[in-house]
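Participant: Here is the input, now give the coordinates:
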Amino acid sequence: MPHLALQGPGLRQQGTGRMTASEVVMGVIFLSQIVLGVLGNCSLLYRYLFLHFTGCRLRSTDLILKHLIVANLVTLLCRGVPETMAAFSWQVCLSHAGCKLLFYLHRLSRGASMGSTCLLSVSWAITISPRDSRPAELKVKAAKYVGSSLCLIWVLCGLVNVIFLTHMTGKWSKKNHTSLKDFGYCTSVRQDKTTESLYTVLLSVPEVSCLGLMLWTSSSMVSVLYRHRQQMRHIHRTNVTPRSSPESRATKTILLLVSTYICFYALSCIFQVWLSLTYNPHWLLLNTSAIVAGLFPAVSPFLLLSRDSSVSRLSVAFIRNRKAPAHVTNG
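Facilitator: Down below sits the predicted model:
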């Protein structure tokens, strides 16, 4: 077995007893990303739980956002914690099972995050569609299948990413592999270029499909917003700044969330492909890829919280329904 250079994040140089400046910077970045992301997602989750237990009528989009929050938290913790420990040169001793589970959960939550964002985009595009359009006929049916669709997303992501349970192994394991790819705190069995490319394509197909669906629904929502804006201008000719409707503000929030995801995903995808095709990835590539992968889970809750009025209308029907039993409604 050939010797592997330790190029993972946060590894100290031989013979030095203190951390380098790059290690400190990377450690602070990872730690800040985790702390802010966890606080933001927990705050948003607390908000939804509070609304639920106080008897507010919840919309179907709330359930999607709850799953998105859970996926964000799992992504941040499964990838961010070991990356932070490695960056600060803290010894990360993960067994075979630990590495397999860690990478599997990270990939599972990453896929669930994409699926939830895609479902949110599709669901809201159907909700705001004009009454005379074909998608409008699906409004009632779509709300009924939100829960089962979310379960299907988690199951499919789990099946697609099962490959990580077979290829990942502990970094300090003595298992006899002829070639390993070093990820700093874990390693994976190195495959030939053809197999690596096939795996990359297999994992990319569902993600690219979701990305295309999000782009299509986003363009549909932009079209609806434009027509609504033209109608409002016609109605409020004497008003210089007419107040936008709750649906318009909610649509803008979802468009902001989806567009942010698409931008971060495109950047992350580039790094993921680069990593999968790199024989022995450099520590800077590993760190940058991990930071980019954690951007959306850390930023998305603040996007929702910053547009509180829109989120409120996504979370509850109206304050007058506070005394009604909590259940999922259309929209």
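Participant: V122 against T217, yeah?
Facilitator: Yes: counting by Cβ atoms under 8 Å, V122 touches T217, with 5.3 Å between them. Bear in mind the C-beta positions are built from the backbone N, C-alpha and C, glycine included.
Participant: Could you tell me how far stretch 280-294 lies from the centre of the chain?
Facilitator: Counting by Cα atoms, centre = their mean, to the nearest Å, stretch 280-294 is centred 17 Å from the centre of its parent chain.
Participant: Give me the buried positions along it.
Facilitator: 281, 283, 286-294 (16 or more other Cβ atoms under 10 Å).
Participant: Just want the most central residue of the protein.
Facilitator: Against the mean C-alpha coordinate of the chain, by Cα atoms, centre = their mean, the closest residue is S113 at 3.7 Å.
Participant: can you give me phi and psi for that residue?
Facilitator: Note on S113: its backbone torsions stand at phi -60, psi -40 [degrees, to the nearest 10].
Participant: Pull the number of nearby residues for the nearest residue to it once chain neighbours are set aside.
Facilitator: Among residues not flanking S113 along the chain, A71 sits closest, at 4.1 Å (Cβ to Cβ, 6 or more residues apart in numbering). The number of residues packed near A71 is 25, by other Cβ atoms under 10 Å.
Participant: Next: L49.
Facilitator: 11.
Participant: ok, which stretches of this structure are helices?
Facilitator: 21-53, 60-75, 81-87, 96-127, 139-144, 146-160, 164-167, 193-235, 246-277, 283-293, 295-306, 308-315 (DSSP state H).
Participant: Let me see the mean pLDDT of the longest one.
Facilitator: The reference is to helix 193-235. Helix 193-235 shows a mean pLDDT of 79.
Participant: tilt between it and helix 246-277?
Facilitator: Orientation check (axes from the mean of the first three to the mean of the last three Cα atoms, to 10 degrees): helix 193-235 against helix 246-277 gives 160 degrees.
Participant: same for helix 193-235, what does it pack against?
Facilitator: Under the contact definition 3 or more Cβ pairs under 8 Å, 6 or more residues apart in numbering; DSSP states H and E, helix 193-235 sits against helix 96-127, helix 146-160, helix 246-277.
Participant: would you turn these into TSV with distance to L305 and mean pLDDT?
Facilitator: As requested, the helices and strands packed on helix 193-235 are exported to TSV (distance: least, Cβ to Cβ, whole Å; pLDDT from 0 to 100):
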stretch	distance to L305	mean pLDDT
helix 96-127	16	88
helix 146-160	22	92
helix 246-277	10	82
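Participant: what's the most buried one of these?
Facilitator: helix 96-127 (a mean of 22; mean count of other Cβ atoms under 10 Å).
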